[in-house]
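In: All I have is the shape, not the residue letters:
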């Protein structure tokens, strides 16, 4: 649809119809002293001057360019193929809102359907939805889903190695509800959740166990064993994962997950200082009616031709009202499209190759950094592309030195717990090659 | 078309068949017609309790998810697995093929508060339903 702006004649006709003199008159119910406040703005700039000012501000950012960043902790710097930007910037995708007359937007629905199919295949789960806002809220909604199925159980056991921000979001989403969140402490002796620490919490009141795979500290835990224990106690296994590691690691579905969530940012979405990102959510067929959010489906029309629809809409709150598991009635269409284009562009082999390079670079980084006196590997578990090192000086100090050399260091775990201020969570992706890593090592020495 | 004479009814469009101390509950022809094509049934587990005036399950169509209410207290003895497997029977045979649950009456006197077929038909007439 094209954009049709009002003309002065249109405005005059509308004002005449409602019997008002000017548009300003419509604001008369607002008290005079706050009606048209004087705003403290810069003087009006020309486009050229404005562009120069913004460029000046932007130059103060040290962006993750040229492989100079080792910061992960939930948001990752990966290479985004040109196809993503090219397709995303098409007006039909870039400015479209979530469809309210969905069948008219066949192109939109097809992309969502392809996105869902890829996510379900990646996780090895039966069905994925059209996306959530981000990994944190997707996980919180998965917890609510688990509570919904469990009817008589209202405890949720959350591993201490789940992303601290995600744990806060779970608390936020469950506040006011009759849910008891058992939030386990961070296991600082190794930064990996043991199966025993979970089993000791299981009873007939636990609706689900929440783990992260790989965990916040980069470690790969025994998810299958945790899942078996959870199932034996009648609880569901909720796994918060990341897509790129799944290029090498076993899928959460194959490890027994009942609900899988993830932050999809690494799939062609820029880090953008925290967002917009895209949440992935998938589950087994038996739980599909509890899945929140949009679900695209494929069907045939009256002429027998393939068509796409939004399906199982009776789950959503505009129909099920207070009985819906969630009030979300949208998705992250543009970012989900980016993820779809990214996955289609790299393909299964490319995906595996990206994961492999992340793994190799990170393990080279780990060997090199732990050879520097004072640096010790603190993570006691296998890892994919992130790990924790104990540092000789506070991580914050080391990062300041690195920044002066134009390098963004790893995450200062002192921000999670001040007792961990000599611990750094450091990450390497396919963009952190040997040359870059060697430069980092030289700067650290 | 008048509602079957051997059944009793509720204001919320359920029908009840009482045989001794067992009540069979389903939704009426009016209900299935208003809901449209039924796609899914959510029914309680066997041995579960139903309470008079409270919903015991959900009948879902393409456009709505409607609570089904029990007019009586009791324990769920049976539920219609065939209907769960093929929910469209609610549209094609609301009074026979699509019985939903059988309940052991905890309080048989509650049956007296149910509507007769004539009263139910009058209710449909007066609310302009046909």
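Out: Structure's in. What do you need? On a predicted model such as this, the values are computed, not experimentally measured, just so you know.
In: tell me which parts of chain B are close to chain A?
Out: Within chain B, the positions near chain A by Cβ under 8 Å from any Cβ of the partner chain are B:39-40, B:58, B:60-65. No exception for glycine: its C-beta is placed from N, CA and C like everyone else's.
In: Write the ChimeraX selection for whichever of these are buried.
Out: The following ChimeraX line selects those of the residues of chain B next to chain A that are buried, judged by 16 or more other Cβ atoms under 10 Å in any protein chain shown:
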select /B:39,58,60,61,65
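In: how about the residues of chain B next to chain A in JSON lines, adding pLDDT?
Out: Below are the residues of chain B next to chain A laid out as JSON lines (pLDDT from 0 to 100):
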{"residue": "B:39", "pLDDT": "91"}
{"residue": "B:40", "pLDDT": "92"}
{"residue": "B:58", "pLDDT": "92"}
{"residue": "B:60", "pLDDT": "91"}
{"residue": "B:61", "pLDDT": "91"}
{"residue": "B:62", "pLDDT": "83"}
{"residue": "B:63", "pLDDT": "82"}
{"residue": "B:64", "pLDDT": "86"}
{"residue": "B:65", "pLDDT": "87"}
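In: Tell me the one of the residues of chain B next to chain A nearest residue A:61?
Out: Nearest to residue A:61 among these is residue B:65, at 48.6 Å by Cβ to Cβ.
In: quick one: the strands in the chain?
Out: I went with chain A, as the question did not name one. Secondary structure of chain A, counting by DSSP state E: strands at A:127-128, A:155-158, A:180-183, A:206-213, A:236-241, A:259-263, A:279-283, A:296-300, A:306-310, A:376-377, A:386-390, A:411-412, A:423-427.
In: actually chain B
Out: Per DSSP E, chain B carries strands over the ranges B:8-9, B:14-19, B:22-27, B:38-42, B:49-50, B:54-61, B:65-70, B:74-79, B:101-105.
In: Which neighbouring residues are in contact with residue 43, exactly?
Out: Picking chain A for this. Contact analysis of residue A:43 by Cβ atoms under 8 Å, 6 or more residues apart in numbering or on different chains lists nothing.
In: wait, chain B
Out: Counting by Cβ under 8 Å, 6+ apart, residue B:43 touches B:56-57, B:79-80, B:84, B:100-101.
In: Run through the residues of chain A sitting next to chain B.
Out: So chain A meets chain B at A:289, A:314, A:319-320, A:323 (Cβ under 8 Å from any Cβ).
In: quick revisit: between the residues of chain B next to chain A, which is closest to residue A:86?
Out: The closest of the residues of chain B next to chain A, once distances to residue A:86 are taken by Cβ to Cβ, is residue B:62, at 38.0 Å.
In: just to revisit the earlier point, tell me which of the residues of chain A next to chain B is nearest to residue A:393?
Out: Distances from residue A:393 to the residues of chain A next to chain B, taken by Cβ to Cβ, are shortest for residue A:289, at 53.9 Å.
In: ok, that closest one touching residue A:316?
Out: No: applying Cβ atoms under 8 Å as the test, residue A:289 and residue A:316 come out as separate, 11.1 Å apart.
In: which of the two has more neighbours?
Out: More crowded of residue A:289 and residue A:316, by other Cβ atoms under 10 Å in any protein chain shown: residue A:316, with 21 against 18.
In: re earlier: of the strands of chain B, which is nearest residue A:33?
Out: strand B:65-70 (49.4 Å).
In: Now tell me what touches the longest helix along chain B from outside.
Out: Counting by DSSP state H, the longest helix found in chain B is helix B:117-126. With contacts defined as Cβ under 8 Å, 6+ apart, helix B:117-126 is touched by B:2-5, B:7-9, B:11, B:28, B:30, B:115, B:130.
In: still on that earlier bit, which among the residues of chain A next to chain B end up buried?
Out: A:289, A:314, A:319-320.
In: List just the nearest of the residues you listed to residue A:368.
Out: Nearest to residue A:368 among those, with distances taken as Cβ to Cβ, is residue A:289, at 50.7 Å.
In: Can you tell me which residue sits nearest the middle of the chain?
Out: Answering for chain A, as no chain was given. residue A:263 (2.6 Å; Cα atoms, centre = their mean).
In: Hmm, no, I was thinking of chain B.
Out: residue B:26 (2.5 Å).
In: hang on, it packs against residue B:94?
Out: Yes: between residue B:26 and residue B:94 there is a contact under Cβ under 8 Å: 6.2 Å.
In: shared neighbours of those two, which are they?
Out: The contact lists of residue B:26 and residue B:94 share residue B:15, where a contact means Cβ under 8 Å, 6+ apart.
In: Report the distance from the lowest-mean-pLDDT helix or strand in chain A to the chain centre.
Out: Every helix and strand in chain A was compared by mean pLDDT, DSSP states H and E; the lowest is helix A:317-320, with a mean of 79. With Cα atoms, centre = their mean, to the nearest Å as the basis, helix A:317-320 stands 26 Å off its chain's centre.
In: Stretch A:159-169 now?
Out: Counting by Cα atoms, centre = their mean, stretch A:159-169 is centred 13 Å from the centre of its parent chain.
In: Averaged pLDDT, that stretch. What do you get?
Out: For stretch A:159-169, the mean pLDDT works out to 98.
In: Buried ones in it, by neighbour count?
Out: Of all the residues in stretch A:159-169, those buried under the rule 16+ other Cβ under 10 Å are A:159-164, A:166-167, A:169.
In: again with stretch B:97-105
Out: Residues of stretch B:97-105 classed as buried: B:97-103, B:105 (neighbour count, 16+ other Cβ under 10 Å).
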